[in-house]
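[1] Pasting the sequence and the predicted coordinates here, then a few questions.
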Amino acid sequence: MARIAGVYLPKSKRMEVALTYIYGIGRPSSRKILEQAGISWDLKSDDLADDDVVKIRQILDQGFKVEGDLRRDVTANIKRHIDMGSYRGLRHRKNLPVRGQRTHTNGRTRKGPRRTVAGKKPAPSKG
């Protein structure tokens, strides 16, 4: 089982898909990496040779920010917005959607389960 950037690649998956298990690598960048390394997209991750793993590691070290470094950058950017007091930072601080989505009826993923308010009347029935 190949270990690249601190992540064990899944067994018996195509390399194009297996590389996407690394944080910061999607389908397009995995294809670029495999082209630079000269490895077929259809090669299964089990059949990967040791020298191929070394090639992929070198390419990742040269031109890609992945896993811990990328996560650190993302959290630093969020923290910067919060400290700055920008609108995005306030939304992050309140744990609300940041990118302009409506929250009147949706947004349950960020807001959590509904909390009922005492004394609120039910909606009038359409009758």
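    Perfect, thanks for sending it. Numbers count the residues shown, from 1 in each chain.

[2] unless I'm mixing things up, residue 16 is touching residue 40, no?
    No: distance between residue 16 and residue 40: 9.0 Å, which falls outside the contact criterion (CB atoms under 8 Å). For the C-beta atoms, the positions are set from N, CA and C on the backbone; glycine is no exception.

[3] give me the number of residues near residue 65?
    Around residue 65 there are 13 other residues, counting by other CB atoms under 10 Å.

[4] residues in contact with it?
    Neighbour list for residue 65: 24, 73 [criterion: CB atoms under 8 Å, 6 or more residues apart in numbering].

[5] That one falls within a strand, correct?
    No: per DSSP: H, G, I helix; E, B strand; the rest coil, residue 65 lies outside any strand segment and is coil.

[6] Let me know the distance separating it from residue 25.
    10 Å (CB to CB, to the nearest Å).

[7] again, but for residue 67
    Distance from residue 67 to residue 25, by CB to CB: 9 Å.

[8] the more surrounded of the two?
    Set residue 67 next to residue 25 and count neighbours by other CB under 10 Å: residue 25 wins out with 22 against 17.

[9] how about the helix or strand harbouring residue 60: buried residues?
    Assigning secondary structure by DSSP states H and E places residue 60 in helix 50-63. For helix 50-63, burial by neighbour count (16 or more other CB atoms under 10 Å) applies to 52-53, 55-56, 59-60.

[10] Spell out the residue ranges of the helices in this protein.
    Counting by DSSP state H, the chain has helices at residues 15-18, 27-37, 50-63, 67-84, 87-93, 108-111.

[11] Report the set of residues contacting both of residue 16 and residue 40.
    Counting by CB under 8 Å, 6+ apart, the residues touching both residue 16 and residue 40 are residue 34.

[12] Looking at the two, which is more packed in?
    residue 16 (17 against 12).

[13] Find the nearest non-adjacent residue to that one, please.
    Nearest residue to residue 16 in three dimensions, chain neighbours excluded: residue 41, at 4.1 Å (CB to CB, 6 or more residues apart in numbering).

[14] was I right about the one you found contacting residue 32?
    No: if you go by CB under 8 Å, residue 41 and residue 32 don't touch, sitting 11.0 Å apart.

[15] Since that was my last question, I'll sign off now.
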